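# got a sequence here, can you model it:
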Amino acid sequence: MRSEKIFQILLFFFIFTTLTIVVGIVVSLVTTSSPIFIKYGLDFVFSSVWNPVKESYGILPALLGTLITSTIAISIATPLAISLAVFSSEIIPQRFRSLMNSISDLMASLPSVIYGLWGLYVLAPILHNYLMLPLHNYLGFIPLFSTKPTPTNLFTAGVLLAIMIVPFASSIIREAYTAVPYNLKEAAYSIGMTKWETVRTMLGYIKSAIFAGLFLALGRAMGETMAVAMVVGNILNIPKSLFDMGYTISSLIANQFPNAEAYEYMVPALYGGATILFLIGLVINLVGLYFIKKVMIKG
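Residues are numbered from 1 along each chain as shown. You can find the predicted model right below:
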């Protein structure tokens, strides 16, 4: 009885500590960012000016950069994550599945700086020479490809993010796929379905899990910092093309915080960007958790 009481006390203590930390983070975001919203209001969100000398701050270019890179990432990662989950669960021989899944999970846990270095020195030149330049040369009349590309830009950052989030999304989809009742697969084969028709049926059965995995991966992509900062170009302007250099909110914070205390409103401005990013991430993760809950209820 005494050991159970001690366990309960420790359990409540750790729960209270965790909640206190979360509340503390939210309170610090709101209180520290409030001066910038009081001074500029919504102009802080919709302004493109970032001039610390004049104490003028606007987060719009970084917000657009975040949305563009995340959209590129999730557009590329969606088919890759689903394909990897199906391949590792259905196609690859049984004796190799454990190895395949271990490699996938290892990729999901690699430090982002490793992805950043690889993206800067390997991925960026390949994309620049064999994809971005041909797209600009032959399809430059389309606004999306109108800017003459440099190796580091929003497109490179989006592709790198896609590579980073594929293992994360795939692991969620894979777990849901392998949890599908086996009698469903047997029923599909018994009525004459081919292997690919059966796979499509099973993917339809776990579509909520697919959405959940992709939304949670999208939330990670939006908050990624170091890898993006190394390949995005770090120029604060309104992007007019996928090949423009730019900023994301997280990379802006990472690059600007060393000088922030030298200015009166830069710290609140960076906290304001963090608050906006927090709200976007909160919405995305709530949507992802909603789909996960649907999967659990359905299961």
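# nearest residue to residue 74 other than its sequence neighbours?
Excluding the flanking residues, the one nearest residue 74 by C-beta to C-beta, 6 or more residues apart in numbering is residue 218, at 4.9 Å. All C-beta atoms are positioned from the backbone trio N, CA, C, and that covers glycine.
# show me the contacts for the one you found.
Counting by C-beta atoms under 8 Å, 6 or more residues apart in numbering, residue 218 touches 70, 73-74, 165, 284.
# identify each buried residue in stretch 125-145, please.
By 16 or more other C-beta atoms under 10 Å, the buried positions in stretch 125-145 come out as 127-128, 132, 135-136, 140, 145.
# could you redo the contacts of residue 218 as TSV and give each row neighbour count, secondary structure and pLDDT?
Conversion of these to TSV gives the following (neighbours: other C-beta atoms under 10 Å; DSSP: H, G, I helix; E, B strand; the rest coil; pLDDT from 0 to 100):
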residue	neighbour count	secondary structure	pLDDT
70	27	helix	94
73	27	helix	96
74	21	helix	95
165	28	helix	94
284	21	helix	83
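# per-residue confidence at the closest residue to residue 143 other than its chain neighbours?
Nearest residue to residue 143, sequence neighbours excluded (C-beta to C-beta, 6+ apart): residue 241, at 6.4 Å. We have a pLDDT of 94 for residue 241.
# touching, residue 241 and residue 144? I think so.
Yes - counting by C-beta atoms under 8 Å, residue 144 is a contact partner of residue 241 at 6.0 Å.
# closest to the centroid, which residue in this structure?
Nearest residue to the geometric centre of the chain (C-alpha atoms, centre = their mean): residue 221, 1.4 Å.
# what's the offset of the host helix or strand of that residue from the middle of its chain?
Using DSSP states H and E, residue 221 sits in helix 207-223. When C-alpha coordinates are averaged (C-alpha atoms, centre = their mean, to the nearest Å), helix 207-223 and its chain have centres 8 Å apart.
# tell me which residues of it are tucked away?
Within helix 207-223, the residues that count as buried by 16+ other C-beta under 10 Å are 208-223.
# and stretch 97-107, by the same measure?
Per 16+ other C-beta under 10 Å, stretch 97-107 contains these buried residues: 97, 100-101, 104, 107.
# and for stretch 106-125?
Neighbour-count burial for stretch 106-125, counted by 16+ other C-beta under 10 Å, picks out 107-108, 112, 115-116, 118-120, 123-124.
# quick check: mean pLDDT across that stretch?
Stretch 106-125 comes out at a mean pLDDT of 92.
# phi first, then psi, for the residue lying closest to residue 26 once chain neighbours are set aside.
Counting by C-beta to C-beta, 6+ apart, residue 26 lies nearest to residue 278, which is 7.7 Å off, once chain neighbours are set aside. In this entry, residue 278 is assigned phi and psi values of phi -60, psi -40 (degrees, to the nearest 10).
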